[in-house]
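Asker: Following is a predicted model, sequence given first.
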Amino acid sequence: MRMNLRTTVFVFFVAAVLTCAGQTGTELRLPAIFSHNMVLQQGVPVPIWGWANDGETVTVTFRDQKVVTKAAGGKWMVRLKKLKAGGPDVLTVRTKTASIQFTNVMVGEVWVCSGQSNMEWPLNRTENAEAAIAGANNPNLRLFTVRKVKAAAPTNDVIGAWVECTPETVANFSAVGYYFGRDLQAARRVPVGLIHASWGGSPAEAWMSEKVLAANPRYKAEILDGYAQAWREYEEALAKWQQSDKTARQPTPPRWRPAELYNGMIAPLMPFAIRGVIWYQGESNAERAEQYRSLFVDLIRNWRRDWGQGDFPFLCVQLAPYKAIKPEPGESSWAELREAQLLATKRLPKVGMVVITDVGDEKDIHPRKKEPVGVRLALAARGIAYGERIVYSGPVLKQFKVKGNKAILRFAHVGSGLEAKDGELKGFAICGPDKKFVWANAKIVGKDTIEVSSPLVDRPVAVRFGWADYPVVNLWNKEGLPATPFRTDNFPMITAGKK
């Protein structure tokens with residue numbers, strides 16, 4: 001896949017800067033993810049790595065641990081034994097000729113916050129931003145923002161530094177990340193470190209390794225080969241434009257090269273010890289929701305395999321309501337993407353999803369209410385990552401059956417019971433053998449059960465709930481968490497076959 005000269009020079013420059021320290025003959029150095037104010041993950045072996053002159057002895061000291069190794073090929077790595085939460089402490093790395101000290105180091109819980117613009121969205125541009133920022137003095141919450149870098153091949157370092165959470169440092173930090181970390185730190189009562197690596201508008205394939213994409217025949221054809229073809233078409237159009245009178249608009253190149261954000265912003269973080277990942281992405285893949293069913297699952301597998309820390313928790317945010325509210329039931333690519341996100345929670349262990357059907361905006365893909373998103377992610381982490389016995393999810397369909405002219409739905413994650421907010425249940429549609437959905441009457445008939453029917457449907461075949469770009473729904477559990485949209489049918493997807 002060729003790139004224009006400007007892009008090629010930029011990527012080459014970044015790759016050169018971030019990989020030169022790995023060459024034999026370099027002085028002692030560690031990646032930028034190790035800095036003053038950092039948080040190391042408790043309860044697991046902690047990798048510490050970097051570069052030094054080939055054959056040089058490297059000694060790492062932290063608390064009562066002292067680990068010694070030798071640099072080989074200019075690189076070295078040690079692993080600290082499991083650490084207990086607390087701090088501040090000092091991490092020292094030294095050779096015979098050099099010494100590096102990192103101060104104000106904490107041990108606690110480390111989470112990666114990644115995705116596209118709704119994860120990137122800063123705290124200072126959200127609802128109630130002023131009060132949130134003013135109250136954000138928390139030395140037990142630490143923030144690291146990965147500088148945006150696109151790269152054609154995996155790099156070995158990022159640009160950034162750890163800082164304590166203060167009103168000054170948090171204002172431009174991920175709002176979702178901050179609210180997640182704030183609540184998690186308060187609940188777990190240990191230091192929390194957040195590594196923020198996101199980029200607005202990015203599709204999932206930009207965050208996956210090229211090796212994983214190339215190994216799947218479908219991804220190779222639709223994503224890698226598709227990008228190569230799009231680049232060829234761009235170059236041909238550019239050549240024609242350059243030979244023209246240039247009155248027409250100059251052609252623009254394909255925006256996202258597959259794997260470039262994985263290469264530049266995720267691969268160089270590995271294998272820094274983490275507890276898990278929170279992920280808010282999918283808007284850029286909504287028109288390919290059928291593909292996302294497998295793509296999202298494979299992204300999670302990709303990160304877990306390459307990080308080398310087993311099946312760490314991976315918590316995603318289901319897409320918020322967006323676009324015009326439709327008066328009648330219909331098809332929806334955004335509903336299909338939400339379904340793909342939900343399916344990942346059923347296909348892989350320790351994958352969670354938070355529902356935000358109550359914080360959408362018809363006219364803005366960036367809803368400003370970010371606090372509920374982070375709060376619910378923290379609940380999901382407490383339930384999935386830490387095993388707390390709490391209600392951490394809204395209702396999820398468990399069973400569908402037909403009895404006469406009624407559809408009977410049973411739900412999991414109901415907590416104290418199902419609840420309709422603001423009147424009668426809304427957002428349910430039902431169809432018969434003709435597969436034509438109509439709005440349905442729905443009522444709660446038990447702690448976890450709902451009956452759905454319509455006078456227009458004598459023989460129900462399927463039920464849908466919240467199946468729209470902008471779902472208008474009000475089913476919650478009594479613990480205050482909304483139910484996920486769903487469908488009981490497997491009718492053909494409108495996004496099937498889209499590339």
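Answerer: That came through, no problem.
Asker: residues contacting Q41?
Answerer: 83, 107-110, 273-275 (CB atoms under 8 Å, 6 or more residues apart in numbering). In short, each C-beta sits where N, CA and C put it, glycine included.
Asker: one more time with 6 Å
Answerer: Counting by CB atoms under 6 Å, 6 or more residues apart in numbering, Q41 touches 110, 273-274.
Asker: centroid residue for this structure?
Answerer: W279 (1.4 Å; CA atoms, centre = their mean).
Asker: Spell out the secondary structure type for that one.
Answerer: Under DSSP: H, G, I helix; E, B strand; the rest coil, W279 falls in the strand class.
Asker: follow-up on the earlier one: got a PyMOL select line for the buried ones in the contacts of Q41?
Answerer: One line in PyMOL is enough to select the buried members of the contacts of Q41, burial here meaning 16 or more other CB atoms under 10 Å:
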select buried, resi 110+273+274
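Asker: what's around the nearest residue to K478 once chain neighbours are set aside, how many residues?
Answerer: The shortest distance from K478 to any non-neighbouring residue, by CB to CB, 6 or more residues apart in numbering, is to S416 (4.1 Å). The number of residues packed near S416 is 10, by other CB atoms under 10 Å.
Asker: for the closest residue to K426 other than its chain neighbours, phi and psi?
Answerer: In this structure, K426 finds its nearest non-sequential neighbour in N474, 5.1 Å apart by CB to CB, 6+ apart. Dihedral pair for N474: phi -150, psi 30, per degrees, to the nearest 10.
Asker: picking that back up, the residue nearest to K478 should be in a helix, yeah?
Answerer: No. Per three-state DSSP, S416 lies outside any helix segment and is coil.
Asker: Phi, psi for it please.
Answerer: According to degrees, to the nearest 10, S416 has phi -80, psi -10.
Asker: what about it, distance to P395?
Answerer: 12 Å (CB to CB, to the nearest Å).
Asker: May I ask you to confirm that the residue nearest to the centre of the chain is in contact with N118?
Answerer: No. If you go by CB atoms under 6 Å, W279 and N118 don't touch, sitting 10.6 Å apart.
Asker: so what's R255 closest to, chain neighbours aside?
Answerer: Using CB to CB, 6+ apart and skipping residues adjacent in sequence, the residue nearest R255 is G201, 7.2 Å away.
Asker: Going along the chain, name the helices of the stretch 251-400 of the chain.
Answerer: Under the criterion DSSP state H, counting those that start in this stretch, the stretch 251-400 of the chain contains helices at 260-261, 289-307, 333-347, 371-384.
Asker: and if you look at the stretch 1-150 of the chain?
Answerer: With DSSP H, counting those that start in this stretch as the criterion, the stretch 1-150 of the chain has helices at 5-19, 117-120, 129-134.
Asker: Could you identify which of those helices has the lowest mean pLDDT?
Answerer: Among the helices of the stretch 1-150 of the chain, helix 5-19 carries the lowest mean pLDDT, a mean of 40.
Asker: list the buried ones in stretch 254-269?
Answerer: Across stretch 254-269, burial judged by 16+ other CB under 10 Å covers 254, 256-269.
Asker: In strands only, show me these.
Answerer: Assigned to strands by DSSP state E, none of the buried residues of stretch 254-269 qualify.
Asker: picking that back up, on the strand side of things, show who the residue nearest to the centre of the chain bridges to.
Answerer: S114, C316 (DSSP bridges).
Asker: how close does it get to I159?
Answerer: 22 Å.
Asker: repeat for I33
Answerer: For I33, the distance to I159 - CB to CB - is 10 Å.
Asker: Tell me which of these two has more neighbours.
Answerer: I33 (20 against 16).
Asker: how about the more buried one, what does it touch?
Answerer: Residues near I33 by CB under 6 Å, 6+ apart: 269, 272.
Asker: if I look at it, how far off is F411?
Answerer: The separation that I33 has from F411, given CB to CB, amounts to 41 Å.
Asker: ok, now R305?
Answerer: According to CB to CB, R305 and F411 sit 33 Å apart.
Asker: Then A151?
Answerer: Separation of A151 from F411 (CB to CB): 44 Å.
Asker: can you pull out the strands in the stretch 301-450 of the chain?
Answerer: Here the stretch 301-450 of the chain has its strands, by DSSP state E, counting those that start in this stretch, at 314-317, 351-354, 396-403, 406-412, 418-420, 428-431, 438-439, 441-444, 449-453.
Asker: mind checking which of those strands is nearest W467?
Answerer: Closest of the strands of the stretch 301-450 of the chain to W467 is strand 428-431, at 6.6 Å (criterion: CB to CB).
Asker: can you list contacts of the closest one?
Answerer: Here strand 428-431 makes contact (CB under 6 Å, 6+ apart) with 329, 437, 439-440, 442, 452, 454, 457, 460-465.
Asker: Kindly supply the PyMOL command isolating those of those that are buried.
Answerer: With 16+ other CB under 10 Å as the criterion, this PyMOL line picks the buried residues out of the contacts of strand 428-431:
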select buried, resi 329+437+440+442+452+454+457+460+461+462+463+464+465
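Asker: Which of the contacts of strand 428-431 sits closest to M493?
Answerer: R464 (13.1 Å).
Asker: Would you confirm that the closest one belongs to a strand?
Answerer: Yes. Assignment of R464 by three-state DSSP places it within a strand.
Asker: hang on, it packs against F486?
Answerer: No. Using CB under 6 Å, R464 is not in contact with F486; the gap is 7.2 Å.
Asker: more crowded one of R305 and F411?
Answerer: It is F411, of R305 and F411, that has more neighbours when counted by other CB under 10 Å, with 24 against 13.
Asker: Grab the nearest non-local neighbour of that one.
Answerer: Nearest to F411 is P395, by CB to CB, 6+ apart, at 4.2 Å.
Asker: That neighbour against V414, yeah?
Answerer: Yes. Look at P395 against V414 with CB under 6 Å: they come within range, at 5.4 Å.
Asker: Find residues that contact each of these two.
Answerer: Common neighbours of P395 and V414 (criterion: CB under 6 Å, 6+ apart): N477.
Asker: Setting the sequence-adjacent residues aside, check what's closest to G310.
Answerer: Nearest to G310 is R304, by CB to CB, 6+ apart, at 7.0 Å.
Asker: Against Y219, how distant is that neighbour?
Answerer: Distance from R304 to Y219, by CB to CB: 18 Å.
Asker: ok, the two, which is more surrounded?
Answerer: Using other CB under 10 Å as the criterion, R304 and Y219 rank with Y219 on top: 22 against 18.
Asker: Brilliant, that's me finished.
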